[in-house]
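In: A structural model of the following input is requested.
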Amino acid sequence: MALVPYDETTELGLQKFHKPLATFSFANHTVQIRQDWRHLGVAAVVWEAAIVLSTYLEMGAVELRGRSAVELGAGTGLVGIVAALLENTVQMQIEGYSKRKQITTLQK
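Out: Residues are numbered from 1 along each chain as shown. Next comes the predicted model:
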């Protein structure tokens, strides 16, 4: 149940969240994220905030080299993926619906 009732069939702004695949270009790579609003809810879609922050990182506004970053409540993890593409190695802790924790090292 949504906090604010809406009809997803008439809300034009929400239709992009119901597409099964969101495609982006960051750090000279194509990034595709699977989305599943209907079954997994708001955590399973890419929100504008993630796109804006990913663009901000790609612009070099924040020096990532030799730094640690924590992405909390990130849903699909787009920002962490972009950080991994911008740096040689990024360590990500992924917590899924299974409540298992996984640490993954992403490399170019």
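In: any idea whether the residue nearest to residue 87 when sequence neighbours are not counted is helix, strand or coil?
Out: Distance criterion C-beta to C-beta, 6 or more residues apart in numbering; nearest residue to residue 87, sequence neighbours excluded, is residue 64 at 5.0 Å. C-betas here are computed from N, CA, C, even on glycine. Under DSSP: H, G, I helix; E, B strand; the rest coil, residue 64 falls in the coil class.
In: same question, residue 72
Out: With three-state DSSP as the criterion, residue 72 reads coil.
In: Model confidence for residue 82, exactly?
Out: As predicted, residue 82 sits at a pLDDT of 89.
In: Offset the numbering so it begins at 40, please.
Out: Okay, using 40 as the starting number, the last item reads as residue 121.
In: For the chain, which segments count as strands?
Out: Assigned by DSSP state E, the chain shows strands spanning 60-65, 68-73, 128-134, 140-146.
In: among these, which gets the worst mean confidence?
Out: strand 140-146 (a mean of 50).
In: Check what pLDDT residue 74 gets.
Out: pLDDT, residue 74: 87.
In: typo on my end, it should be residue 96
Out: We have a pLDDT of 92 for residue 96.
In: What residues does it make contact with?
Out: 103, 118, 121, 122, 125 (C-beta atoms under 8 Å, 6 or more residues apart in numbering).
In: can we see that at 7 Å?
Out: Neighbouring residues of residue 96 by C-beta atoms under 7 Å, 6 or more residues apart in numbering: 103, 121, 122, 125.
In: which one among the residues you listed gets closest to residue 85?
Out: Proximity of the contacts of residue 96 to residue 85 (C-beta to C-beta) peaks at residue 121, which lies at 11.2 Å.
In: can you count the residues close to the closest one?
Out: Per other C-beta atoms under 10 Å, the neighbour tally for residue 121 reads 25.
In: Contacts only, for it.
Out: The contact partners of residue 121, taken as C-beta under 7 Å, 6+ apart, are 65, 66, 93, 96, 97.
In: which residue sits closest to the first one, ignoring its sequence neighbours?
Out: Okay, so that is residue 65. Closest residue in space to residue 65, ignoring its immediate chain neighbours: residue 121 at 4.6 Å, by C-beta to C-beta, 6+ apart.
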